[in-house]
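**Student:** Below: sequence and its predicted model.
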Amino acid sequence: MARWQFTNDYERIYTDTLKRSIDDAVMFAKAVDKTQPPQADFGSGWFADQLKFVAQVLPVMPSFGMKRQVFFLTHGGFDTHANQRGTGSGSPTQDELLAQLDAALGGLDHSLRASRMDEQSLVLVMTEFGRTLRPGSGGGSEHAWGTHWILMGPKAIGKTVHGRFPDLIPGGPDDGDVDKNGRFVPDISADQVGASLMQWMGLSQEQFLSVFPNLKNFPKHTLPILRS
């Protein structure tokens, strides 16, 4: 089916996409055949298994012609409107989810060092939404804006909080919520972080605004988050 030819654009694009997905699956299968599972402890669960797979195939992918590799992984369940703390509530709590993240990142770091891929790798942990400072009635919290991201790797300037830590006061100077629930407005943009990382991957400054058009709203296009 992936080899069929069509004059209809929709059908042609569909078969082209199908062929690429099959080719990618074959490539990853061949890559796995050349590897051994990492020995580090990643913890358990779906997210741990994802990171373990990345650590397993990352060192061999350059032999398949991959000069730049970007892996997008997901670790869900943080939208906790109730039972945010503690353990054993039935659904994962923030405490349990963060423990899973900690174990999986620790296993990845250990594996990257063992395969000598750590100097060539960066790990960015990001979230698309923050949480309110004021908890809800069910022991959880609501959606908010400003949040924390984590950058891991020898190229990252570690042990540093980049940006300005807000005043954790509901209704304070950094609270953008009219109801004073503690929705903090970030002062670092995702575009600035993205441009900083893409520059490390080879994006020139002349291309910044083409890739990240919102950078025109910020005086600094990149952040001092990486070692030179």
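**Tutor:** Perfect, thanks for sending it.

**Student:** remind me which residues of the protein are low pLDDT?
**Tutor:** 2, 137-138 (pLDDT under 70).

**Student:** Tally up the residues packed near S210, please.
**Tutor:** S210 has 9 neighbours, counted by other C-beta atoms under 10 Å. All C-beta spots, glycine's among them, are computed from the backbone N, C-alpha and C.

**Student:** and it, what helix or strand is that in?
**Tutor:** Secondary structure assignment for S210, by DSSP states H and E: helix 208-211.

**Student:** how much distance is there from that helix to the middle of the chain?
**Tutor:** Its chain's average C-alpha position is 21 Å from that of helix 208-211, according to C-alpha atoms, centre = their mean, to the nearest Å.

**Student:** Repeat that for stretch 87-95.
**Tutor:** With C-alpha atoms, centre = their mean, you get 22 Å for stretch 87-95.

**Student:** just stretch 152-163 next, same as before
**Tutor:** Distance, centroid of stretch 152-163 to centroid of chain: 15 Å (C-alpha atoms, centre = their mean).

**Student:** what do you get for stretch 157-166?
**Tutor:** 18 Å.

**Student:** Residues in contact with that stretch: which ones?
**Tutor:** 146, 152, 172, 174, 184, 186-188, 223-227 (C-beta atoms under 8 Å, 6 or more residues apart in numbering).

**Student:** Could I get those in a markdown table, plus columns for neighbour count?
**Tutor:** A markdown table is the format used below for those (neighbours: other C-beta atoms under 10 Å):
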| residue | neighbour count |
| --- | --- |
| G146 | 18 |
| M152 | 18 |
| G172 | 13 |
| D174 | 19 |
| F184 | 22 |
| P186 | 18 |
| D187 | 11 |
| I188 | 16 |
| L223 | 18 |
| P224 | 11 |
| I225 | 22 |
| L226 | 16 |
| R227 | 11 |
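
**Student:** Taking those residues together, which two end up most distant?
**Tutor:** Spatial extent of those (C-beta to C-beta) is set by the pair G172 and R227 at 34.4 Å.

**Student:** which residues touch the one residue sitting closest to the centre of the chain?
**Tutor:** Taking C-alpha atoms, centre = their mean, the centroid of the chain lies closest to V125, which sits 4.0 Å from it. V125 sits next to 101, 105, 149-152 when contact means C-beta under 8 Å, 6+ apart.

**Student:** does it have beta-bridge partners, and which?
**Tutor:** Assessed by DSSP bridges, V125 has beta-bridge partners I150.

**Student:** any idea which element G146 lies in?
**Tutor:** Applying DSSP H and E, one finds G146 in no helix or strand.

**Student:** returning to what we had before: and of the contacts of stretch 157-166, the nearest to R116?
**Tutor:** Closest to R116, out of all of these and judged by C-beta to C-beta, is M152, at 16.5 Å.

**Student:** My guess is that closest one contacts A104. True?
**Tutor:** No: M152 lies out of contact with A104 (C-beta atoms under 8 Å); the separation is 11.4 Å.

**Student:** residues in contact with S121?
**Tutor:** By C-beta under 8 Å, 6+ apart, S121 lies in contact with 58, 112, 153.

**Student:** oh sorry, the question was meant for K30
**Tutor:** Contact partners of K30, counting by C-beta under 8 Å, 6+ apart, are F64.

**Student:** and the gap between it and K19?
**Tutor:** With the distance defined as C-beta to C-beta, to the nearest Å, K30 ends up 16 Å from K19.
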